[in-house]
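Engineer: task: produce atomic coordinates for the following.
(one chain, ligands or ions: 1)
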Amino acid sequence: MGRDVIIACDFDSAEKTFAFLDKFTGRKPFVKIGMELYYAEGPSIVREIKKRGHKIFLDLKLHDIPNTVKKSMAVLSHLDVDMCNLHAAGTIRMMEAAIEGLTREDGTRPLLIAVTQLTSTDEESMRRDLLIEKPIADVVMHYASNAKAAGLDGVVCSPLEAGKVHETCGKEFLTVTPGVRFADGDKGDQKRVMTPEEARKIGSDYIVVGRPITAAEDPVAAYERCVREFVG
Ligand code: C5P
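Structural biologist: As a prediction, this is how the structure comes out:
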């Protein structure tokens with residue numbers, strides 16, 4: 001499994017997404033489709049982007065009872081995406097059910113990645129709203145271990161946590177890390193950021209990059225720079 005840059009296609013329509021993707025005439029980037037675009041356009045957006053030759057991370061973060069997640073994952077597996085995800089908070093049983101649903105008849109399946117604690121959740125809101133008293137770092141590592149125990153392929157985490165996740169769950173366990181910014185770039189609303197080069201050094205397997213590429217004056221050049229710094 002090679003390192004790769006995943007572009008977060010956080011657009012609200014197919015039109016804007018294709019206007020963006022049309023700029024990439026050479027190499028076809030790995031793209032992430034999130035809830036906004038998926039809910040706006042439905043499964044056809046996945047099929048169309050796939051037909052153009054892109055790999056797809058479908059970021060829908062499933063979290064429901066095991067049976068519902070299993071059946072929903074079965075639907076997603078037929079969309080032929082390369083990676084999808086769920087919330088580890090749904091428990092090991094839910095994650096096992098997800099793997100079952102995702103596995104196609106021929107035994108293949110997309111990569112399945114768990115969200116541990118969202119980076120928008122801090123220790124204070126975890127304690128106050130969720131009654132979770134442990135330090136957030138322990139919770140993240142525990143959820144990562146649960147994901148591994150359930151047979152998942154990795155977790156979405158901050159690049160700052162990627163090294164520790166590999167220590168806890170092994171080198172083969174994938175870390176997919178958003179919160180990436182160029183050294184000379186705008187941080188936007190991301191607080192704890194890393195450059196693509198730092199993310200590589202710390203051992204991220206995939207970086208998810210949105211605005212530093214999508215809002216750049218020359219998105220293709222920004223993407224190429226990201227690949228150069230992260231993949232080498
Ligand atoms: O534009 P930017 O590079 O900040 O985009 C990061 C992408 O990664 C967005 O799609 C965002 O929703 C997603 N993400 C994140 N932090 C997380 C999980 C997902 O920024 N903890």
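Engineer: quick one: contacts for Asn146?
Structural biologist: Asn146 sits next to 88, 91-92, 95, 114 when contact means CB atoms under 8 Å, 6 or more residues apart in numbering. All C-beta atoms are positioned from the backbone trio N, CA, C, and that covers glycine.
Engineer: could you look up the SS state of it?
Structural biologist: helix (DSSP: H, G, I helix; E, B strand; the rest coil).
Engineer: and the gap between it and Val155?
Structural biologist: With distances taken as CB to CB, to the nearest Å, Asn146 is found 10 Å from Val155.
Engineer: for stretch 197-205, which positions count as buried?
Structural biologist: Within stretch 197-205, the residues that count as buried by 16 or more other CB atoms under 10 Å are 197-200, 202-205.
Engineer: just how off-centre is it within its chain?
Structural biologist: Mean-position distance between stretch 197-205 and its chain equals 15 Å (CA atoms, centre = their mean, to the nearest Å).
Engineer: kindly report the residues of the chain close to the ligand.
Structural biologist: Proximity of the chain to the ligand, by CB under 6 Å from any ligand atom, involves residues 8, 10, 34, 118-119, 156, 178-179, 188, 190, 208-212.
Engineer: quick one: end-to-end length of stretch 96-112, please.
Structural biologist: 11 Å (CA to CA, to the nearest Å).
Engineer: smallest gap between the protein and the ligand, at which residue?
Structural biologist: Distances between the chain and the ligand by CB to the nearest ligand atom are smallest at Gly210, namely 2.4 Å.
Engineer: hang on, the earlier thing: where do the contact lists of Asn146 and Val155 overlap?
Structural biologist: Taking CB under 8 Å, 6+ apart as the criterion, Asn146 and Val155 both touch 88, 114.
Engineer: just send the contacts of Asn146 back as CSV, with neighbour count too.
Structural biologist: Output for the contacts of Asn146, formatted as CSV (neighbours: other CB atoms under 10 Å):
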residue, neighbour count
Ala88, 27
Thr91, 15
Ile92, 17
Met95, 26
Ala114, 26
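Engineer: want to throw these into CSV with distance to Asp106?
Structural biologist: Shown next, in CSV, are these (distance: CB to CB, whole Å):
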residue, distance to Asp106
Ala88, 27
Thr91, 28
Ile92, 26
Met95, 22
Ala114, 24
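Engineer: in strands, which of those residues appear?
Structural biologist: Ala114 (DSSP state E).
Engineer: I'd like the contacts of Asn146 as CSV, with distance to Glu224 and pLDDT appended.
Structural biologist: Shown next, in CSV, are the contacts of Asn146 (distance: CB to CB, whole Å; pLDDT from 0 to 100):
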residue, distance to Glu224, pLDDT
Ala88, 34, 98
Thr91, 41, 98
Ile92, 40, 98
Met95, 36, 98
Ala114, 30, 98
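Engineer: Ala216: which of the contacts of Asn146 is nearest?
Structural biologist: Ala114 (30.1 Å; CB to CB).
Engineer: which residues touch the closest one?
Structural biologist: So Ala114 contacts 85-88, 95, 143-144, 146-147, 152, 154-156 (CB under 8 Å, 6+ apart).
Engineer: who's it bridged to?
Structural biologist: For Ala114, the beta-bridge partners are Leu86, Val155 (DSSP bridges).
Engineer: what distance do you get for it to Gly179?
Structural biologist: Ala114 is 17 Å from Gly179, by CB to CB.
Engineer: let me know the secondary structure of Ile33.
Structural biologist: strand.
Engineer: contacting residues around it?
Structural biologist: When contacts are counted by CB under 8 Å, 6+ apart, Ile33 touches 9, 45-46, 49, 56-59.
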